[in-house]
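> A structural model of the following input is requested.
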Amino acid sequence: MTPFASPPRRTAIRSFSTESPEPRESMPFDVLIVGGGPAGLAAAIRLKQKCQETDQDLSVCVIDKGSEIGSHILSGNVFDPKALHELFPDLAQDESWTQELMEAVGSQATPVSDDKFMILTEQGGSYTIPNFALPPQLHNHGNYIISLSQLCRWLATKAEDLGVEIYPGFAASEVLIDDETGACYGIATRDVGLGKDGEPKSTYERGVELQARQTLFAEGARGSCSEHLMQHYNLRQDGNVAPQTYGLGIKEVWQIPEEKCQPGLVQHTLGFPLQQSLSDKVFGGSFLYHQAPDMVLVGLVIGLDYANPHLNPYQEFQRFKTHPAIKEHLEGGTCVSYGARVLNEGGFHSIPKLTFPGGALLGCSAGFLNAVKIKGSHTAMKSGMLAAESAFDALASQEDPVAETGEMPSLSLQQELTSYPKAIENSWIHEELYQVRNCHEAFARWGVGGGLVYSGLATHITKGREPWTLEHTKTDAEKTEPAEEHVAPHYPPPDGKLTFDLLTNLQRSGTYHAEDQPIHLRVKDDLQEIPSTVSLPKFGGPEQRFCPAAVYEYVDDETKQEEGAKKLVINSQNCIHCKCCSIKMPQEYIEWTVPEGGGGPQYQVM
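So this is what the prediction gives:
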């Protein structure tokens, strides 16, 4: 049996010894869930609920690369509780889940009370679009303003109460594939205690194999294991799946005087700073939410299919906050947290084949976010619940569960959960995404004006039943155009009160990585020359601008004689695990792999 691993990591392990690496210890489970976000935790909870309902037992384990559950979770977040109500029907009638959330983690779920959608102008003006003119999926009454990282912490306590084993700080670096059957049978965690040169330090420990009869991958958008699985099993080739397209969400949390807080206010905008006219094709917009008792959650989402390589998403976000309609909400407050994360925007046409022998893709690993609704947590949770039910039905029909024997059965018994995709197709996830299946591409083709008109038509009238499909065939990296074809925007300097330089804001993410470890952001072996021969000369080094953590920079290369020669420097210790670089780099020359478990941002209220 050979692990499906990234070659650089295997080479680093082998370099310190002429002998084979020492064998890993292994831990068997009935179901292993990779990722402690809403999809993974909902799956774990539903599995244990099914066990209780049928008086059976399956061992269920959740691992997460963050130092604690929730530390790598970032979202807007106006939360649609639809899936949560289905998961905990006893907490739904009187919305008592909000009280449990407050008691467990001290986070207040604030009911939406005022729902606004505005168009901002470059000159400081703003126009409100009446709610009746908006797509129904943008209506937020009945939803809640929450911290998704805190919600996940609460879900983790519910899972543990049911008997789920949860291990934060476990970074899945390899997917285990059986050579004979071709089935997935778990993951291996990254070795720890290796120096930058790949040599073992005194703290070296071999990674652990977590083996399972079913492995559910719920890593979020652009998960590293999930991407390997899509390539290995050709999950994007089946059914002519369109390339996934992404947005980058950048967010700050502000604490404001309590008398200024408008609990329940939800405000979304288009226009400034991303679009100056109805024909502008930069996809994106902003959000601003007031969460009781004294928080403002503010952010900007920009589609990574933008063409201008000079555009700087972080600077656009800082510029956005200077608009009078935004500035008034933040004045007198203090920015307490900062972060960024990519999100799926390809929608219905970009969903890959969901299953393979021994496992399945859940939530944003599969791409269930509804870009028109600007929400994905509810669909992620529902997908986790459906995958859990499929996994339970498959495993409960077999004898000798790991929960009873403590041993992995023969890998010839690994199953493919064929009922899971059928369950998705028969669920409200399919219905919701199908209705808006062409909307994102409408914005890409016809700009913000045409996109709004098409979205209105699709959500009010056709509901996805158009007799055509607006296809997209290019990746976000392929959408970038040469630097000489575009003008660089002007960005004013930060004032340190409302707007901030990037490195100052980065400190608010709590990001930490041990510096003496192999770099986890790797230039692919066959693309080593792309930074110097393509990215910098053709596109002006866009990675210096699109990264929201100042990871990439070009500096003078003193080893070369040519005047002005530059080389790429990767400051991987700054990485906030947004995954943007693996998407937007020219020719996607970066491979994003996991650092040692526990590294990365330490989000508390995101």
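
> identify the residue nearest the residue nearest the centre of the chain in space, chain neighbours excluded?
Nearest to the mean C-alpha position of the chain, by Cα atoms, centre = their mean, lies residue 221 at 3.5 Å. Residue nearest to residue 221 in three dimensions, not counting chain neighbours: residue 364, with 4.4 Å by Cβ to Cβ, 6 or more residues apart in numbering. Bear in mind the C-beta positions are built from the backbone N, C-alpha and C, glycine included.

> re the thing from before, residues contacting the residue nearest to the centre of the chain?
Going by Cβ atoms under 8 Å, 6 or more residues apart in numbering, residue 221 touches 246, 341, 342, 343, 344, 364, 365, 367, 369, 579.

> if you set the cut-off to 10 Å instead, what comes out?
244, 246-247, 249, 341-345, 363-367, 369, 376, 578-579, 583 (Cβ atoms under 10 Å, 6 or more residues apart in numbering).

> quick one, grab the pLDDT at it.
Turning to residue 221, the model gives it a pLDDT of 97.

> SS state for it?
Assigned with DSSP: H, G, I helix; E, B strand; the rest coil, residue 221 falls in the coil class.

> continuing past the helix or strand of the chain with the lowest mean pLDDT, what's the next helix or strand?
Of all helical and strand segments in the chain, the minimum by mean pLDDT, DSSP states H and E falls on helix 7-14, at a mean of 29. The C-terminal neighbour of helix 7-14 among helices and strands, as given by DSSP states H and E, is strand 25-34.

> which is the next helix or strand following that following strand?
Sequence-wise, the next helix or strand downstream of strand 25-34 (DSSP H and E) is helix 38-54.

> could you dump that following helix to PDB, C-alpha only?
Written as PDB, here are the backbone C-alpha positions of helix 38-54 (Å, rounded to 0.1, in the frame of the first residue of the first chain):
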ATOM      1  CA  PRO A  38     -19.600  23.100   9.400                       C
ATOM      2  CA  ALA A  39     -19.700  20.300   6.900                       C
ATOM      3  CA  GLY A  40     -17.300  17.900   8.800                       C
ATOM      4  CA  LEU A  41     -18.900  18.500  12.200                       C
ATOM      5  CA  ALA A  42     -22.400  18.200  10.900                       C
ATOM      6  CA  ALA A  43     -21.400  14.800   9.300                       C
ATOM      7  CA  ALA A  44     -19.900  13.600  12.600                       C
ATOM      8  CA  ILE A  45     -23.000  14.600  14.600                       C
ATOM      9  CA  ARG A  46     -25.400  13.000  12.100                       C
ATOM     10  CA  LEU A  47     -23.400   9.800  12.100                       C
ATOM     11  CA  LYS A  48     -23.600   9.500  15.900                       C
ATOM     12  CA  GLN A  49     -27.300  10.400  15.800                       C
ATOM     13  CA  LYS A  50     -27.900   7.500  13.400                       C
ATOM     14  CA  CYS A  51     -26.000   5.300  15.800                       C
ATOM     15  CA  GLN A  52     -28.200   6.300  18.700                       C
ATOM     16  CA  GLU A  53     -31.400   5.900  16.600                       C
ATOM     17  CA  THR A  54     -30.500   2.300  15.600                       C
END
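
> gap between stretch 315-330 and the chain center?
The chain centroid and the centroid of stretch 315-330 are separated by 25 Å, computed with Cα atoms, centre = their mean, to the nearest Å.

> and it, what's buried?
Buried residues in stretch 315-330, counted by 16 or more other Cβ atoms under 10 Å: 315-323, 325-326, 329-330.

> again, but for stretch 282-297
282-291, 294-297.

> likewise stretch 50-67?
Buried, per 16+ other Cβ under 10 Å, within stretch 50-67: 50-51, 57-67.

> quick check: buried residues in stretch 104-120?
Going by neighbour count (16+ other Cβ under 10 Å), the buried part of stretch 104-120 is 104-105, 107-110, 112, 115-120.

> before we move on, what about stretch 439-457?
So for stretch 439-457, counting by 16+ other Cβ under 10 Å, buried means 439-444, 446-448, 450-452, 454-455, 457.

> before we move on, what about stretch 413-421?
Residues of stretch 413-421 classed as buried by neighbour count (16+ other Cβ under 10 Å): 414, 415, 416, 417, 419, 420, 421.

> just stretch 203-220 next, same as before
206-220.

> and it, end to end?
30 Å (Cα to Cα, to the nearest Å).

> now find how far off-centre that stretch is within its chain.
Offset of stretch 203-220 from its chain centre (Cα atoms, centre = their mean): 19 Å.

> what do you get for stretch 344-359?
Centre-to-centre, stretch 344-359 and its host chain are 14 Å apart (Cα atoms, centre = their mean).

> dump that stretch to CSV, restricted to CA.
This file holds the C-alpha atoms of stretch 344-359, laid out as CSV (Å, rounded to 0.1, in the frame of the first residue of the first chain):
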residue,chain,number,x,y,z
ASN,A,344,-16.0,28.7,-4.3
GLU,A,345,-18.0,30.7,-6.9
GLY,A,346,-18.3,28.2,-9.8
GLY,A,347,-21.6,26.8,-8.4
PHE,A,348,-23.6,24.1,-10.0
HIS,A,349,-21.5,23.6,-13.1
SER,A,350,-18.3,23.2,-11.2
ILE,A,351,-19.3,20.5,-8.8
PRO,A,352,-17.1,17.4,-9.4
LYS,A,353,-18.0,13.8,-9.0
LEU,A,354,-18.5,13.5,-5.2
THR,A,355,-17.4,10.0,-4.5
PHE,A,356,-14.6,7.5,-5.0
PRO,A,357,-13.9,4.1,-3.5
GLY,A,358,-13.6,4.6,0.3
GLY,A,359,-14.5,8.3,0.5
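
> buried sites along the helix or strand hosting residue 395?
Taking DSSP H and E as the criterion, residue 395 maps to helix 377-396. For helix 377-396, a neighbour-count test (16+ other Cβ under 10 Å) marks 377-392, 394-395 as buried.

> please apply the same query to stretch 141-161.
143-156, 158-160.

> so which of the residues you listed are in helices?
148, 149, 150, 151, 152, 153, 154, 155, 156, 158, 159, 160 (DSSP state H).

> distance to residue 410 added to those, as JSON lines?
What follows is those, written out as JSON lines (distance: Cβ to Cβ, whole Å):
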{"residue": "148", "distance to residue 410": "40"}
{"residue": "149", "distance to residue 410": "40"}
{"residue": "150", "distance to residue 410": "42"}
{"residue": "151", "distance to residue 410": "39"}
{"residue": "152", "distance to residue 410": "35"}
{"residue": "153", "distance to residue 410": "38"}
{"residue": "154", "distance to residue 410": "38"}
{"residue": "155", "distance to residue 410": "34"}
{"residue": "156", "distance to residue 410": "32"}
{"residue": "158", "distance to residue 410": "34"}
{"residue": "159", "distance to residue 410": "29"}
{"residue": "160", "distance to residue 410": "31"}
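
> show me which of those residues is closest to residue 500.
Nearest to residue 500 among those, counting by Cβ to Cβ, is residue 149 at 21.1 Å.
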